[in-house]
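Q: pasting the sequence and the predicted coordinates here, then a few questions.
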Amino acid sequence: MSTERPAARGARSASVAGPARFLAAALVSVLAALALALAAGAPARADDDPAAASDAGSAGQRIADALRTSPVYVDPAYRSAFPAEEQRRLAAKIEKSGLPVRVVVVPLISGDAWGGDPEKMVDVVRYRMAEGARKKAVYMTLSTNEGFLDGYEFPRDGRYEAFWGVAAVGHQDDMKDRSLYAKFSRALEIVRSGDGRKQYEKATADLHDDDPAERDGGADDGGADDGGADGEGADGGPSPLLLGVLAGSAVAVLAAVALVLRTVRRRARTSARAPFTSPRSVFATARAAGVRDLRKRAQRELLAYNEKLLAHEPGEHADADLLQLALDAYAAACTVLDEARDTPDLAGVLALLHEGRDALERSEPAPRRRRKARAADPTLPLCFFDPLHGAAAERIRWRPLGRREALRVAACRECSAAVSARRAPEVLTHRHDGHRVPYFEVPPEHSLWAATGYGSLTEETLTARVLRGDFTRSRAGRSTRAGRSTRASRARRGR
């Protein structure tokens, strides 16, 4: 079917006369030629290359780890231009300012981990820092233009005007040929003042003064005459052939814009995923590395939980049912980890361990409340929208687009704030039928996580559902499930 549709469209286009059809066909030909030319000359993108994706993930993680201890990260390639002592001085200035500023100085070369794009580098680092869309931060980096700096502010509508303020430094006369420390220090001062746009306009005022069109209102007396107005081209004006080419190009561009707008509007009307913010395209470059890192994290947490179970000494009034749930949660997490293929499954491991830790903690009644402890409510599950956000802070009312009924779901503070402000929270996505969609849009019969919302949509525990066989890819492991639970119980009793 996929090969018949384009052929049918081509046949209809060839058989229909008229200027509009002709222009559309011509436009397609021109764009196809341009695409081939660009494809031949353009460097490979990081998100098309698994090796580049891994490089971006590991490099981004290295920078993120360093930024957790200091707001200044300088690649070894720049150590001589930005010595360690100056790095410490700048870090002290940032900390004293109280601003959420981070300085990242790395080489930006076409073909590197982020394709030489500082904005992609910042996005990967923010992803590795687990910074949500509303986390306040200002990143300062080197620009692709030598001698200049770039600034990125989050949220985008922030109050520091960092985009303009950081860019202004490269245009200021007293900053030319100054050290990186001096330039970033000046950028910090401008960001702190909050008038970046004003500073940028002041620094670039001389650029407008040198432009005759800006200075004289666009009039050029030396080049205007009646011959030019008549279009004769006697004084070097555009020839009729050039005018014809330009006119044809303009028509083609307008036709392309019309086609793109029509396509975008149609997709906006029909897409059920429009209200959700999927991870940005740059996250795809780090997805392969991200899954691997998440698997390692799940393995570490599973081992730590097992050690906690083995070290636990039940008290006299311990709740046996909750103790059993804590043991079963370990077995269920092992089952899911064995069969996990993607991020939603690995997030499920974390959700099961969260459930188990909660049960283990509640199994021991607090002093003076021993008889009431069994009635204590369980803690909230992980965030419904993305369990990688961590434990939920509250339950909120959320109505999916196109639905009249609302749901009560557990949400972290960031997602709760987004819903309250009628913004789209960032959600965990899952690949289904060839498309990446919010995990909860997957049919529930195909996904335990969609059916349960990682614990938000059901009173039954995730542990019980996994051990019952609701985790679809664990069917092959049913024969080992009982044995694993038994081994965990024996290990606990043996202490």
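A: Looks like it arrived, so ask away.

Q: element containing V191, please.
A: Following DSSP states H and E, one finds V191 within helix 180-193.

Q: what is the burial count for L380?
A: Neighbour count of L380, defined by other Cβ atoms under 10 Å: 19. All C-beta atoms are positioned from the backbone trio N, CA, C, and that covers glycine.

Q: my guess is it meets R395, correct?
A: Yes - applying Cβ atoms under 8 Å, one finds L380 in contact with R395, separated by 6.9 Å.

Q: list the residues that contact both of those two?
A: Shared contacts of L380 and R395, defined by Cβ atoms under 8 Å, 6 or more residues apart in numbering, are found at A410.

Q: what's stretch 378-398 in contact with?
A: 130, 132, 294, 343, 347-348, 350-351, 354-355, 358-359, 362, 406-416, 419-420, 425-428, 440, 453-457.

Q: re the thing from before, which strands and helices sit next to the helix holding V191?
A: With contacts defined as 3 or more Cβ pairs under 8 Å, 6 or more residues apart in numbering; DSSP states H and E, the packing partners of helix 180-193 are helix 84-97, strand 101-105, strand 137-142, strand 149-154, helix 162-169, helix 196-203.

Q: what mean pLDDT does the fourth one have?
A: Within the predicted structure, the mean pLDDT of strand 149-154 is 92.

Q: same check, this time on the shortest one
A: Computed over strand 101-105, the mean pLDDT rounds to 96.

Q: got the angle between that strand and helix 162-169?
A: Put simply, strand 101-105 runs at 50 degrees to helix 162-169, going by axes from the mean of the first three to the mean of the last three Cα atoms, to 10 degrees.

Q: before we move on, what about the fourth one?
A: Using the same axes, to 10 degrees, the direction of strand 149-154 lies 170 degrees away from that of helix 162-169.

Q: which strands border strand 149-154, and is each parallel or antiparallel?
A: strand 137-142 (antiparallel) (DSSP bridges).

Q: next, the angle from the partner strand to helix 84-97.
A: Angle between the axes of strand 137-142 and helix 84-97 is 150 degrees (criterion: the same axes, to 10 degrees).

Q: tell me the buried residues in strand 137-142?
A: Within strand 137-142, the residues that qualify as buried are 137-142, counting by 16 or more other Cβ atoms under 10 Å.

Q: P444 against T458, yeah?
A: No - with contact defined as Cβ under 8 Å, P444 does not reach T458; the gap is 10.4 Å.

Q: anything in contact with each of those two?
A: Contact criterion Cβ under 8 Å, 6+ apart; residues shared by P444 and T458: A451.

Q: give the rounded mean pLDDT of stretch 317-325.
A: The model assigns stretch 317-325 a mean pLDDT of 89.

Q: same check, this time on stretch 199-209
A: 77.

Q: pull out the buried positions in that stretch.
A: 199-200, 203.

Q: include distance to H435 when you put those into TSV, please.
A: Listed next are the buried residues of stretch 199-209 as TSV, based on distance: Cβ to Cβ, whole Å:
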residue	distance to H435
Q199	45
Y200	41
A203	46
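
Q: now the helices for the stretch 301-450 of the chain?
A: Shown for the stretch 301-450 of the chain, the helices assigned by DSSP state H, counting those that start in this stretch span residues 320-339, 343-363, 413-420, 448-452.

Q: ok, of the ones you listed, where does mean pLDDT dip lowest?
A: For the helices of the stretch 301-450 of the chain, where the average pLDDT is lowest is helix 413-420, sitting at a mean of 88.

Q: list the buried residues for that helix?
A: Going by 16+ other Cβ under 10 Å, helix 413-420 has these buried residues: 414-419.

Q: I'd like to know which elements it is packed against.
A: Using 3+ Cβ pairs under 8 Å, 6+ apart, the elements in contact with helix 413-420 are strand 394-398.

Q: next, the distance between the ends of stretch 309-321.
A: 15 Å (Cα to Cα, to the nearest Å).

Q: same thing with stretch 444-456?
A: By Cα to Cα, the extent of stretch 444-456 from end to end equals 14 Å.

Q: equivalent analysis for stretch 158-173, please.
A: Using Cα to Cα, the end-to-end distance of stretch 158-173 comes out at 27 Å.

Q: much appreciated, bye for now.
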